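A.B. asks: curious how this folds, go ahead:
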Amino acid sequence: FYMSDNFQVKTNPDLWATLDMDIDRFMNVPPMLTDAFKTIFLSQQNRPKMMAYFDDMVSNIFTGRIQELVDAKGEGRPVIGTFCVYVPEEIIQAANGVCIGLCGGSQGSIADAEKILPRNICPMVKSAFGFKVGRLCPLFQAVDFVYGETTCDAKKKTWELLDHYVPTHVMEIPQMKRERDKRLWIEEVKDFKQAIEERVDKEITEEDLKSGIETLNRKREAMQRLNNLRQHNPSPISGRDMLLIQQIAFYDIPERYTAKVHELCDELEKRIADQSFAAAQGTPRVMVSGTPMALPNWKLHNLIEGAGAIVVNEESCIGTRYYKDTIDTGGASMDQMLEKLTERYMKIDCSCFTPNDDRIDQVIKESRDSGAEGIIDYCLQFCHTYNIEAVKLREACAKEGIPFMAIETDYSPEDVGQLQTRVEAFLEQIQE
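C.D. replies: Predicted coordinates for the structure are as follows:
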């Protein structure tokens, strides 16, 4: 198991040179990430042994994993970047492609983006765009093309500009969930399948799609199992470690990841039996809802757990929204599978939809299921849809008697002191 002293995020300038990176600037990133990772993760006491695999994924994020992507491309497999859990991974899997999440979670690339984009838009969009224009992310440099979507205004207009730097396809996501919207959505899914087929120059068969769906179902089921175990009271794993595992889901190989998550689950079951917990009985239990947290955005979890609480659920695209639903493939034809796939994606309750009462109900349900004593709703600055939806969430929590706090923040460290004060006050409130 890792001793924190010898953990480091590895470097490989020769590999990066083949990807046309700004190597001089990027060389600063691995040491900074190493220090942050040691401070936030490796300082924890009594971590599960199986976290070594996930730590290793971080260690290899810019090297070993990049080499795997380069090798996949050498085999003629498409490497496709996405920014949203609405883009159907099952179809990429069915075409033997590689799907990589490219959302930006770092302050470091935002200045690059702001030379081009307006300042007052979502930091996740700016961070991702900045990584590409600054040539500062080997994952971004390794993809063949990216698939954007029309969930929010900042994204859909940024894709038009991103297309100057990397081939960018855009998938229309309707903003309501009526029958006519479902029909449009199925057409979009079929177009997506066709675009991937053209890229690999072969048709995706029913067998291919069924296999792709089953692979992703298994991955989501492993994550469901893990989230159920982490919600044991007391929890056998910290919220920080859970956040990391969920972030890694977006760039690891699905089959390998699924196997490792199950190995970790086996260990957590044993830890529960042995009463070996990540936090003592009586530790305040907090659920986080809201906007996604792209790697290496660990800011809020670090604050909450640093203040003596434990995070027991993430209602987020990086959390339950990504894995709570699977797809039934029993006896289905291609058209039926594509319809069932679309129906599964329609269950993701992003705040870009109106109305979106299903999300409010889901947040309350997850709060109850996880044994959380309060909810912190996390909103990235300028994310209008989540910000406004927090109003309805606050009303629902008040009605249910669930302590609720909404925060709005970005990736900069400037507001950490202020957020810490608010988090500590909230934890006092839920312990009264």
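A.B. asks: what packs against the one helix or strand residue 395 maps to?
C.D. replies: Element membership for residue 395, per DSSP states H and E: helix 384-400. Here helix 384-400 touches strand 285-290, helix 357-369, strand 374-380, strand 404-409, going by 3 or more CB pairs under 8 Å, 6 or more residues apart in numbering; DSSP states H and E. For the C-beta atoms, the positions are set from N, CA and C on the backbone; glycine is no exception.
A.B. asks: which residues sit in contact with the residue minimising distance to the centre of the chain?
C.D. replies: Geometric centre of the chain, nearest residue: residue 318, 2.9 Å, by CA atoms, centre = their mean. Going by CB atoms under 8 Å, 6 or more residues apart in numbering, residue 318 touches 243, 246-247, 250, 292-294.
A.B. asks: nearest residue to residue 19 other than its sequence neighbours?
C.D. replies: residue 141 (3.8 Å; CB to CB, 6 or more residues apart in numbering).
A.B. asks: that neighbour touches residue 18, doesn't it?
C.D. replies: No. Counting by CB atoms under 8 Å, residue 18 is not a contact partner of residue 141; they are 9.1 Å apart.
A.B. asks: higher neighbour count, these two?
C.D. replies: residue 141 (20 against 13; other CB atoms under 10 Å).
A.B. asks: remind me which helix or strand the more buried one belongs to.
C.D. replies: Assigned by DSSP H and E, residue 141 belongs to helix 138-142.
A.B. asks: which is the next helix or strand following that helix?
C.D. replies: strand 145-149.
A.B. asks: quick one: buried residues of that following strand?
C.D. replies: 146-149 (16 or more other CB atoms under 10 Å).
A.B. asks: how about stretch 120-138?
C.D. replies: Applying 16+ other CB under 10 Å to stretch 120-138 flags 121-138 as buried.
A.B. asks: do the same with stretch 102-114
C.D. replies: By 16+ other CB under 10 Å, the buried positions in stretch 102-114 come out as 102-110, 112-113.
A.B. asks: now render those as TSV, adding distance to residue 46.
C.D. replies: Below are the buried residues of stretch 102-114 laid out as TSV (distance: CB to CB, whole Å):
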residue	distance to residue 46
102	34
103	31
104	32
105	27
106	29
107	31
108	32
109	35
110	36
112	40
113	40
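A.B. asks: any chance of the residues you listed in TSV, plus secondary structure?
C.D. replies: Below are the buried residues of stretch 102-114 laid out as TSV (DSSP: H, G, I helix; E, B strand; the rest coil):
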residue	secondary structure
102	coil
103	coil
104	coil
105	coil
106	coil
107	helix
108	helix
109	helix
110	helix
112	helix
113	helix
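A.B. asks: pick the most buried one from the helices and strands packed on helix 384-400.
C.D. replies: Comparing the helices and strands packed on helix 384-400 by mean neighbour count (mean count of other CB atoms under 10 Å), strand 285-290 ranks first with a mean of 27.
A.B. asks: who are the packing partners of the helix or strand following that strand?
C.D. replies: Downstream of strand 285-290, the first helix or strand assigned by DSSP H and E is helix 299-306. Using 3+ CB pairs under 8 Å, 6+ apart as the contact definition, the elements that helix 299-306 packs against are helix 239-248, strand 285-290, strand 310-315, strand 374-380, strand 404-409, helix 416-431.
A.B. asks: sounds good, over and out.
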